[in-house]
Structure formats: structure tokens, C-alpha cells
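Undergrad: Sequence first, then the predicted structure, then my questions.
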Amino acid sequence: MDSLRIPAVNRRRFLGLTAGAGGALLASAACGAGGGGSTSASGADKSLTVVCEGGGKIELQPIVDKFKQDTGATVNLVELPYEGLFNRLSSELASGRPSFDVCAIDAVWIPLLAPKLAALDALFTPEVRADLFPALVKEPQVSGKFIGMPVWTNSEILLYRTDLFGDAKEKAAFQKRYGYPLAPPTNWQQFTDVAQFFTRPGQKLYGTDVKGGVETEWLAHVLQAGSPGVVLDDSGAVIIDNAQHLAALTFYADLNNKHKVAPAGAAQTDWNAAQNLFNQGQTAMTRFWAHAYRQIPKDAKVAGKVGTAPMIGGTAGVAGIPGPWYLSAPAGGAKNELATQFIKAAYDNNALSLDTSLGLAARKSAYQQDADKPGFESFGPLLTTLNAGATRARPANPHWQQIVDKALVPMLQKALTPGADYAALLKSARTQIEGIIK
């Protein structure tokens, strides 16, 4: 993810954990910031160059400090903007002359970069696999080898306003209207009920947001509906028009079109807009990335009034789309032994990243150690969501970002129009996607 100050960011990615390579995936752009690369180093040189983006630098710094203390090795963290990082990785790996020894990789880059990355199979012991979320064990396996060690991950959970949910008058009114107690919703029907209950346009309050500017949230609902995958199945076949995708789109778009529980402009709402709406007190609930709980500004209207719960569930139960990053090394790098040692140290000391301002990790045990501490209330719901049986990674397809940009987001935006034909939109998207991947 991006800088932790969270400036305005585009819909492709929110703090780097949610989207893909962006732009022209096969571009061979200039390399950007330089580093003391592996090709010029001798075997005795105990220094590494690690390229990453903003969130990665913050997450990795305490690990770098510990690695230097333990080994005496120097690690130079080279920070690049998101698309600049992808362009540097793709161009230098393709040339066979990378100027880095370790690289941080967004999950959706794996299908494109994997052929040029070193195998890390020796690091994935049974104990390591058991301490990683299932999707994070499956996703970095390409052609029978592990090419990346997860260094942090994220998922959407439910954030809600405790001042509203805990109010005695609101509780009584909800009970009278719906016949069951007001509580953080666990399924689609409850979420719809609660969102309708708290929608009060005259008070500038809405039940929730609907994000037409990003695809990830709708895809989480697709998994909650029990689909064997999102958009594509494991064989690569297009399944975007199956019954589960239609059920999820109906639930998602109807929140805006039928129930009118979201503020105006849903088709353009992205992560940044949704976060601002919630922090300003204009929505009672938001489905949002778990890290945001600890980053609510102290002067926000909702500061100190936010609760957390797992992502809601459908017929298949709770499900989310993980947002991981991985550490990898270039195949044939001159310093791969030291690079692998650093990647192992990043796993071993993964919990150190929880003390950073981004505060994310990849290991179950890292999240578990802080889940009961005050201020870390998002960790329990995050663990539940990432461990859920229906949670799955996005498809390992080199055309994924093109699918997102040209088919998924435009389809979602068209769906957020009263009277939209959801089934027809999905069928049209299927045709588009088949043309992209053929």
C-alpha cells in the first residue's frame, strides 16, 4: 500500500494492498531510483538492495534493523511509487540484469514476474505453511515452486459506529421495526436491514457506502455467495455470469438502487472517498480494509466511536479478498543466499511490522499475539475473515488488471443505475473478458 499518510489515491490500489500493476503491464520503463545491485557485488559483500514501495519501506524498516543487528549485513531499502516499482521489476527482470537483490511484489504481479524469480521452497516448511493463511500459501506457488514469502496481508472487515449501535433508543427502535436486536450484521439480510435503519438523508447519515470505483468489495460478496472463484475459475474459464456472481451483484447494487442506503455518487466512490465518508460520520457502517481502524484521525468525527467485526457472509459464510505483498529474489542473483536469509528473517520477525504505522503482518501468530490488546480490535475480525473457508485470492492471470479496468469496474458502475439489468451486464462482461484472455 501507499504512503501511510493516505493522500488521495486512485481506485487501482488503496495503500498498495488491493490492486494490480496498473497501466501498461508490459511496459519497459526507466528503472527509477538506483541501488547497489547484485550484478556488481562480490560474494563477500554483505549488503543487499531491497526495492519496495512506500508502505513496504515502513513495514520492512524494523526487520532491516533487526537483520543488521543479527548478521552485520547492510540492507538498502529503495522506495519507489507503485507503478514505478512494477516497471522497474518487469524491465530489469526481463533484461536479466536486476540492480536489486530482493523485491516486494504485489500479489497480482505474480503471474507476470514468476518466471524470473528464484524458488524459495526451502523456506516453506510445514510449520511455516501452518502459520500462514491458506490463500497466502496457495497464491505464491507457480509451476510447482514457491516464488514469494508473504510479508503482510490485509482484508476488508466491517467497521461500524458504536455510538449509534450502542444507543438505547436506537436499539429499541430497531428491535421494534425488525424483530431482532441491533448488532453488527453478520449476513447480507442483516446488513441490508441495518443500513436501511440508519439511512437518514435529512441528517446527512446513510447506512453504508457502495463502492462503484473499485471491484474488490463486490468480489468478496461473490465468494460469500459460494462461487468457486471470482470472474475466473481455477482452470481459467470465465464464470462471471454464474448464479453466485449475479446474486452478489444484485445484493451489492440493490443497496444503492433499490434500498438507497448509500450517499449519492456511488458509481464513482472508491476507497479514499468511502474512508472519508465514514470518518466524517456520514455512514454508519463501512466494509473496509482492516488497517484503517488504527489510522482513524484523532480529530475525525467517529474517533473513539468505532467497532470492528468480521466481513459479512452470504450462503457460503464469511469471505474476503486478501491483499498481500510478497518478498522475492531474482532467479540467478549473485547474492541469493543472503537474499534468502533476509526473506527468512522477514518471516521470522514478521511481528515487528505490527508496531509500524501501517501495522500489518502475514503470519497468523503475529496477529494473534496482539488481537486481545487495546487498540488492536481489528485483528480478531481480520483473522476470522482471512481464515474463512470461502476466502480466496484473486485469479492468477496475467491479464487481471486489464480485466479489472476494462470489464469489472465499468460493469459495476453501469450496475449502480436504477433499472440496470444485472444479468445482461454480467453476460456482456463475460464477452469482454473472453476477448481479453483469448
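TA: Now that the structure is in, tell me what you want to look at. Numbering: from 1, shown residues only.
Undergrad: okay, the most centrally placed residue in the chain: pLDDT?
TA: Compute the mean C-alpha point of the chain, and by Cα atoms, centre = their mean the closest residue is residue 323, 2.5 Å away. Here, the pLDDT recorded for residue 323 equals 93.
Undergrad: Now do the same for stretch 412-425: mean pLDDT, whole number.
TA: Here the average pLDDT along stretch 412-425 is 97.
Undergrad: Point out where the protein drops to low pLDDT.
TA: For the chain, the stretches with pLDDT under 70 are 1-44.
Undergrad: after the lengthiest helix in it comes which helix or strand?
TA: Identified as the longest helix of the chain according to DSSP state H is helix 54-71. Proceeding N to C from helix 54-71, the next assigned helix or strand is strand 74-79, under DSSP states H and E.
Undergrad: Tell me the helix or strand right after that following strand.
TA: That would be, after strand 74-79 and using DSSP H and E, helix 82-95.
Undergrad: then that following helix to CSV, C-alphas only?
TA: As requested, the backbone C-alpha atoms of helix 82-95 are provided in CSV (Å, rounded to 0.1, in the frame of the first residue of the first chain):
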residue,chain,number,x,y,z
TYR,A,82,3.7,1.7,-7.0
GLU,A,83,3.7,1.8,-10.8
GLY,A,84,7.4,2.8,-10.9
LEU,A,85,8.2,-0.3,-8.8
PHE,A,86,6.3,-2.5,-11.2
ASN,A,87,8.0,-1.0,-14.2
ARG,A,88,11.4,-1.4,-12.6
LEU,A,89,10.8,-5.0,-11.7
SER,A,90,9.4,-6.0,-15.0
SER,A,91,12.1,-4.3,-17.1
GLU,A,92,15.1,-5.4,-15.0
LEU,A,93,13.9,-9.0,-14.5
ALA,A,94,13.3,-9.2,-18.3
SER,A,95,16.8,-7.9,-19.0
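Undergrad: Skip ahead from that helix and say which helix or strand is next.
TA: Heading C-terminal from helix 82-95 (DSSP H and E), you reach strand 102-106.
Undergrad: Which residues belonging to the longest helix of the chain are considered buried?
TA: Within helix 54-71, the residues scored as buried using 16 or more other Cβ atoms under 10 Å are 54-60, 62-64, 67. For glycine as for every other residue, the C-beta is placed from the backbone atoms N, C-alpha and C.
Undergrad: on that earlier part again, so how far is residue 154 from the residue nearest to the centre of the chain?
TA: 4 Å (Cβ to Cβ, to the nearest Å).
Undergrad: which stretches of the stretch 251-400 of the chain form helices?
TA: Here the stretch 251-400 of the chain has its helices, by DSSP state H, counting those that start in this stretch, at 271-279, 336-348, 364-370, 379-387, 400-403.
Undergrad: is it possible to export the ones you listed to a markdown table including distance to residue 215 and mean neighbour count?
TA: Putting these into a markdown table (distance: least, Cβ to Cβ, whole Å; neighbours: other Cβ atoms under 10 Å) gives the following:
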| stretch | distance to residue 215 | mean neighbour count |
| --- | --- | --- |
| helix 271-279 | 11 | 21 |
| helix 336-348 | 29 | 20 |
| helix 364-370 | 26 | 17 |
| helix 379-387 | 18 | 23 |
| helix 400-403 | 9 | 22 |
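Undergrad: got a markdown table for those helices, with distance to residue 130 too?
TA: A markdown table is the format used below for the helices of the stretch 251-400 of the chain (distance: least, Cβ to Cβ, whole Å):
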| stretch | distance to residue 130 |
| --- | --- |
| helix 271-279 | 32 |
| helix 336-348 | 13 |
| helix 364-370 | 8 |
| helix 379-387 | 12 |
| helix 400-403 | 28 |
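Undergrad: Tell me which of those lies nearest to residue 438.
TA: For the helices of the stretch 251-400 of the chain, proximity to residue 438 was assessed by Cβ to Cβ; helix 400-403 is nearest, at 12.2 Å.
Undergrad: Show me what that closest one is packed against.
TA: Helices and strands touching helix 400-403, by 3 or more Cβ pairs under 8 Å, 6 or more residues apart in numbering; DSSP states H and E, are helix 422-437.
Undergrad: returning to what we had before: hang on, the residue nearest to the centre of the chain packs against residue 139?
TA: No. In this structure, residue 323 is not within contact of residue 139 by Cβ atoms under 8 Å, at 11.1 Å.
Undergrad: what residues do these two have in common as contacts?
TA: residue 107 (Cβ atoms under 8 Å, 6 or more residues apart in numbering).
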